[in-house]
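>>> sequence and predicted model, in that order:
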Amino acid sequence: QVQLVESGGGSVQPGGSLRLSCAASGLIFKINSMGWYRQAPGKQRELVAAISNGGSTNYSDSVKGRFTISRDNAKRTVYVQMDSLKPEDTAVYYCNAEILRTIMSEGRDYWGQGTQVTVSS
């Protein structure tokens with residue numbers, strides 16, 4: 001089976017920084033896109049940032065210029081560096097990856113368990 005395990009969440013004051021990590025493990029042939037989503041109370045889950053296997057990135061307008069997504073393919077890990085955090089960034093952050101388990105498989109979305117990020121003074 002495939003698992004995505006996140007780490008790095010926590011509480012921080014406005015203007016502070018956090019770095020989230022997400023490592024994929026299990027039977028994996030290839031990982032295509034990896035990304036981060038977030039869900040605040042009472043709101044729908046939304047894309048924060050995504051990165052392709054080749055390193056192309058995509059950011060939501062709300063985090064552009066403040067968050068930086070990166071990945072280490074050898075470690076099967078995706079990161080997001082979050083700077084200049086605002087109270088509206090408070091949410092549960094979920095890691096996502098499109099993974100092929102074998103050479104014969106189609107890509108399928110996998111999700112982490114979520115990690116809480118709270119930005120408050």
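That came through, no problem.

>>> only C-alpha atoms for contact and neighbour calcs from this point on.
Noted.

>>> quick one: pLDDT of Met104?
Confidence at Met104, expressed as pLDDT, is 89.

>>> before we move on, what about Ala74?
pLDDT at Ala74 comes out at 95.

>>> over to Gln1?
89.

>>> and if you look at the one 10 residues further on?
Ser11 is assigned 98 on the pLDDT scale.

>>> please report the distance of Gly42 from Val92.
12 Å (Cα to Cα, to the nearest Å).

>>> looking at those two, which has the bigger crowd around it?
Val92 (18 against 6; other Cα atoms under 10 Å).

>>> can you give me the helices for the protein?
Per DSSP state H, the chain carries no helices over any range.

>>> for the most far-flung residue of the chain relative to its centre, what are its contacts?
Distance from the C-alpha centroid of the chain peaks at Met104, with 26.3 Å (Cα atoms, centre = their mean). Going by Cα atoms under 8 Å, 6 or more residues apart in numbering, Met104 touches no other residue.

>>> just list whatever residues bridge to the residue nearest the centre of the chain.
Geometric centre of the chain, nearest residue: Trp36, 2.6 Å, by Cα atoms, centre = their mean. Bridge pairing for Trp36 (DSSP bridges) gives the partners Ala49, Cys95.
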